[in-house]
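>>> Need a 3D model of the sequence below.
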Amino acid sequence: MHELTLSPQEIAEITGYRRYTQQQRQLRCHGIPFTTDGRNRPIVLRRNMLPGTSELPKVDEYVATEPDFDAIYGQAKKRSERYSSPATCYKK
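As a prediction, this is how the structure comes out:
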């Protein structure tokens, strides 16, 4: 039955978790594509795993240690001269 997909026992062994949500989080962190069935169990195709893999690669290899703030906030822009400083707004 599990010729094309990993069995639930294999997924639990690889991820180190028995709960489906934790298994899914680990699979996402490591970039392993999966889908879920009607009971929210992750389904992983065997072709997505390297042959002989019994554990997931370390997360540090795929995740940057520092956030990319430019991706979050966009490129820093020069402030408009109109709003350059609060003191200039109240001059008479």
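>>> for the longest helix anywhere in the chain, packing partners?
For the chain, the helix reaching the highest residue count under DSSP state H is reported as helix 20-29. If contacts are counted by 3 or more CB pairs under 8 Å, 6 or more residues apart in numbering; DSSP states H and E, helix 20-29 sits against helix 8-15, strand 42-43. In short, each C-beta sits where N, CA and C put it, glycine included.
>>> just the angle between it and helix 8-15, please?
Angle, helix 20-29 to helix 8-15, by axes from the mean of the first three to the mean of the last three CA atoms, to 10 degrees: 60 degrees.
>>> now helix 20-29: mean pLDDT?
Helix 20-29 comes out with an average pLDDT of 91.
>>> Now do the buried residues in that helix.
In terms of neighbour count (16 or more other CB atoms under 10 Å), helix 20-29 has its buried residues at 20, 23-24, 26-27.
>>> returning to that earlier point: mean pLDDT and distance to I72 added to the helices and strands packed on helix 20-29, as TSV?
Below are these laid out as TSV (pLDDT from 0 to 100; distance: least, CB to CB, whole Å):
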stretch	mean pLDDT	distance to I72
helix 8-15	92	29
strand 42-43	94	29
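>>> Could you dump these into CSV with distance to M49 and mean neighbour count added?
What follows is the helices and strands packed on helix 20-29, written out as CSV (distance: least, CB to CB, whole Å; neighbours: other CB atoms under 10 Å):
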stretch, distance to M49, mean neighbour count
helix 8-15, 8, 17
strand 42-43, 12, 18
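>>> Take those and lay them out in JSON lines including distance to T36.
Output for the helices and strands packed on helix 20-29, formatted as JSON lines (distance: least, CB to CB, whole Å):
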{"stretch": "helix 8-15", "distance to T36": "11"}
{"stretch": "strand 42-43", "distance to T36": "6"}
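>>> Tell me the confidence at Y90?
According to the prediction, Y90 has pLDDT 49.
>>> now swap in A64 and tell me
Among the per-residue scores, A64 holds a pLDDT of 62.
>>> What of the one 5 residues further on?
Note on F69: pLDDT of 72.
>>> ditto for the one 5 residues further on
In this model, G74 is scored at 71, pLDDT.
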